[in-house]
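**Q** Prediction below, plus the sequence it came from.
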Amino acid sequence: MRPDPEDLAEDPTVFIPSPLVFGGMPHPRWWQFEEGATNFGAIDPSTSDIGKLLFLEHVLLYANDWYMFPYTVRAGSNALVRGLSVTNVFGERFWIQASGAKDTENWQGWGLFANSATDDILDNSDRHVTVLPTSPKIQDAQSREVQMFIRDEMANSVWAIEQHVRTVAGTVARGAELAMETRRYFTDRIGAPAVPPVATDAAYRYDLMTRVPEQWIPFVPVHKDGDNRLTKLQRAAMPRLIEGDPAPPERIRPRTQLIRKGLDQTPRELMFVENEEVPRAGVQVFDGFRRTRWYNGQTFIWRGVQKRTGRGEGSSGLAFDELVPKKVQKPVTDAPVPQVGHAPIEVTADPPPTIALAVHPDPVSGWNLEITSTGHVVTPDNASSAHVEGEGHMHLYLNGIKVTRIYERWFHLPALIPGKHDVTVELSSNTHAALAKDGVPIAASVEIDQQPVPPHMHPMGEEVVSDPGAPSVALMAHPDPASGFNLHMMVQNFTLSAEHAGGTHVPGEGHLHIYVNDVKAARVYGMWHYLPKLAGGTHTIKVALYTNDHRPYVKDGSPIESEVEVTVEDGGFAVGGGHVHP
């Protein structure tokens, strides 16, 4: 085996291959007892689950066909495996060509993890082993632009929600705020007030079309070229409908560079997204600068885009030709945030959002709340902003008293005083108004019986980790427009697990502890957490990685943690005179 190109003249490498093994791998001998910790036979894939079927076929039928051998390849190189000379125990030597090397082979040269040859001169099997010049350590700056792609089954479309937008001044602003300012500008430019509708005794009013926030950019399904079944998503545009504007409505264009692709060119180009790129759970895309240092000390800075799983489906509230009862006041999507009190908002989606609550006793102390909802997208970035149909967060009530705001599926509730307690989780809009159906708030309640909690201590010691693959955590504290802070935690090489909290340690798994001025404030299982307003002064907020059995992760003698310092004005953080909930 020689690397490609030829000028790297090296002698062939001699080695003894080692079989590739992994947990749950079938034993190569018949009638051999195997460990049952990993049972691939218990996987029950559906007939359409191609990924699981390919995985099972590989591990159960072809797992013992793979070997490992040591061979050093330089980073940023493209090595070509010409063949292997195999010598058996009898001294016989055989020359084995690489799979797909013969010209007579066609589709047999296809490989799931092989490179694809795009040059027509080459055969369809590319036998090169490409080693990319990647860096194990990358510094990520704060995201310049953030988009959330969600599926809206009611509108049969995908929406790209511009959550963070880079302004012409170079700053980062919320997409919802820019959308409201833009609409307010066009509304004020008209000047003359809208003509009031003629008063009638009709029980219904007719709406030609509902309005969608301007930061929601539609992607509609279209047929692929030459195919009448397969579809892809094409960027579309909503009209900017201003009441009383005599001019034809303009098309609302996206602000973020990723979604504006092709709009600034002459002529303009269409933008398409493959259907499978936006799963049912949605996708969140982050755009920002990244920095790394190469082995020779040289630094590189570039703009990178990261994609993460979203938070489920959503609803834009887009509807046409509606008959709306007059007694139902449709919510205004771009109304300013009220400063005192909140009347419940009647949802218009059909079916309406739902919420379910399950309470699990924590093995150590307190309760782990599992919250599932449908038709409701949790958007921490838009908390305390204008109401958007299908968006918001959740409020937690204990015995009828509001305790906190929730952004994640799992929430840890500390131990309560002994006795029975009513735990309620309620769907809330971005404005903190309860979402209601037929006047009844959409909520779920569970009664728990808190028994006396005996004194407990966490296990002593720490979980020491080292490179490669050591977990890390980063923390950002965003002041909430109403009060408090929205904490955004980002982890790498780490799995947040509420189900295993208080259980057996699993490497690379656990939860987060939040500290305020070195005092533990919360246990967290997700990426977002709401921290109520603090007293005036400077405070240190810290987040640390902990194992399932509550031991800190440590690297190079220091806990794996991240901290930020915030300054709060006297009386607590407040904007616009404060924010009062019902």
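**A** Sure, I can see it. Numbers count the residues shown, from 1 in each chain.
**Q** Tell me the bridge partners for residue 425.
**A** residue 396, residue 444 (DSSP bridges).
**Q** ditto for residue 544
**A** Here residue 544, judged by DSSP bridges, has bridge partners residue 513, residue 561.
**Q** for residue 207, same thing?
**A** residue 322.
**Q** Report how many residues lie close to it.
**A** Neighbourhood size, residue 207 [other Cβ atoms under 10 Å]: 14. All C-beta atoms are positioned from the backbone trio N, CA, C, and that covers glycine.
**Q** Next secondary structure element downstream of the worst-scoring helix or strand of the chain on mean pLDDT?
**A** Ranked by mean pLDDT, DSSP states H and E, the weakest helix or strand in the chain is strand 125-126, scoring a mean of 64. Where DSSP states H and E defines the elements, the next helix or strand beyond strand 125-126 is strand 128-131.
**Q** Quick check: residue 283 touching residue 158?
**A** No: applying Cβ atoms under 8 Å, one finds residue 283 not in contact with residue 158, separated by 9.4 Å.
**Q** between the two, what contacts are shared?
**A** By Cβ atoms under 8 Å, 6 or more residues apart in numbering, residue 283 and residue 158 have these common neighbours: residue 149.
**Q** Neighbour count for these two, which is higher?
**A** residue 158 (23 against 19).
**Q** so is that one in a helix, a strand, or just coil?
**A** strand (DSSP: H, G, I helix; E, B strand; the rest coil).
**Q** Now for it: which residues touch it?
**A** Residue 158 neighbours (Cβ under 8 Å, 6+ apart): 149, 150, 151, 152, 218, 219, 220, 233, 273, 278.
**Q** looking at this, the third one is in a helix?
**A** If I follow you right, that is residue 151. No: counting by three-state DSSP, residue 151 falls outside a helix, being strand.
**Q** what's the spacing between the nearest residue in space to it that is not next to it in sequence and residue 405?
**A** Nearest non-adjacent residue to residue 151, counting by Cβ to Cβ, 6 or more residues apart in numbering: residue 313, 5.1 Å away. Between residue 313 and residue 405 the distance, using Cβ to Cβ, to the nearest Å, works out to 22 Å.
**Q** same check, this time on residue 163
**A** Residue 163 is 18 Å from residue 405, by Cβ to Cβ.
**Q** Ok, residue 235 next?
**A** Distance from residue 235 to residue 405, by Cβ to Cβ: 34 Å.
**Q** before we move on, the earlier item: between residue 313 and residue 405, point out the one with more neighbours.
**A** Taking other Cβ under 10 Å, residue 313 and residue 405 do not tie; residue 405 has more neighbours (24 against 18).
**Q** list the contacts for the more buried one?
**A** Per Cβ under 8 Å, 6+ apart, neighbours of residue 405: 383, 393, 394, 395, 396, 428, 432, 530.
**Q** Tell me which helix or strand it sits in.
**A** strand 401-406.
**Q** who does that strand pair up with?
**A** Partner strands for strand 401-406, per DSSP bridges, with pairing direction: strand 391-398 (antiparallel).
**Q** Alright, calling it a day.
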